[in-house]
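J.: coords please:
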Amino acid sequence: MGKGEFSHAIEQILVRFSPDIGKHGYSKITRPALLMPRLIATQPGTVLLCSIGIGCDAMSKPFPEKEFFALDVGDPPGATAKAGEGALRVRKLHIASPFNARSFVYRTGDMKFTTDYYNGFVTDPDKLLTGQLVSWLSQAGSFDAVVTSGSEAPHRYVLEGNVTELYGDYCDKANLKAVMKVRFFLLDDSQVETIIVFQKTYRSQAPLKGDTAEAFPAGLNEVYKQILTDLSKDLPESIQGR
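T.: Residues are numbered from 1 along each chain as shown. Below is the predicted model of the structure:
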């Protein structure tokens, strides 16, 4: 771009953002200097337009750093009743959209949700939830072993789950909550045709301790812990006598 073209481009930008310039030309600008647009050449052929004291200062401020969080529900309170011999295979949980993304999801009103660009899970939430599920059931002791889908260990039962709610409820600023809803299915895989021997929907919510980035995953830990506590009690009862 030649000097003449560059000057013309600057003039057009100034005319667009300053009506006074468009009326009187460069020599009769009546706006205060602080309100005048400032042009900054960033690269050859490019121009950055901002207002002194407003736009440029805002652009110079550092963006907040992204933070990533894991989940840790802790250990079961104690061993549960024995469910049966053999291993339980746990398939990776399925999480419905939009809750399956790494970014935290917040409910802000009726049918209104938003995502948090700066805070989220350290990895895909289905991996985090499945890992915590396997660890919890392994320590609960209801089965001889609890394995994931990639294991070749012999098994009779398979556990599946569909997560349909996983968000922070921010509708009431005075009553922030973590919410989770999941439906589990226990399948008997020993027959020619797979049989559903147990299915139940669990929904839990817990208050958040503040409006911070750490508060939401901490609330999810409490919510998921309650769900896993109930599940580990229900599974042995569902297959007794089979």
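J.: so where's the longest strand in the protein?
T.: Determined from DSSP state E, the single longest strand within the chain is strand 155-169.
J.: Compute the inter-axis angle for the helix or strand following it and strand 155-169.
T.: Next in sequence after strand 155-169, counting helices and strands by DSSP states H and E, comes strand 177-188. Relative orientation of strand 177-188 and strand 155-169, computed by axes from the mean of the first three to the mean of the last three Cα atoms, to 10 degrees: 170 degrees.
J.: returning to that earlier point: just checking the distance from the longest strand of the chain to the centre of its chain.
T.: Here strand 155-169 is found 16 Å from its chain centre; the criterion is Cα atoms, centre = their mean, to the nearest Å.
J.: Pairing partners for it, with directions?
T.: Strand 155-169 sits in its sheet next to strand 84-90 (parallel), strand 94-95 (parallel), strand 103-109 (parallel), strand 177-188 (antiparallel), going by DSSP bridges.
J.: Excluding chain neighbours, what is closest to the residue nearest to the spatial centre of the chain?
T.: For the chain, Phe104 is the residue whose C-alpha lies nearest the centre (Cα atoms, centre = their mean; 2.7 Å). Leaving aside its chain neighbours, Phe104 sits nearest to Asp116 (4.1 Å; criterion: Cβ to Cβ, 6 or more residues apart in numbering). (Glycine included, C-beta is placed from N, CA and C.)
J.: thought Glu160 was touching Leu187?
T.: Yes - under the criterion of Cβ atoms under 8 Å, Glu160 makes contact with Leu187 at 6.8 Å.
J.: Show the contacting residues for Ala101.
T.: 115, 120, 125 (Cβ atoms under 8 Å, 6 or more residues apart in numbering).
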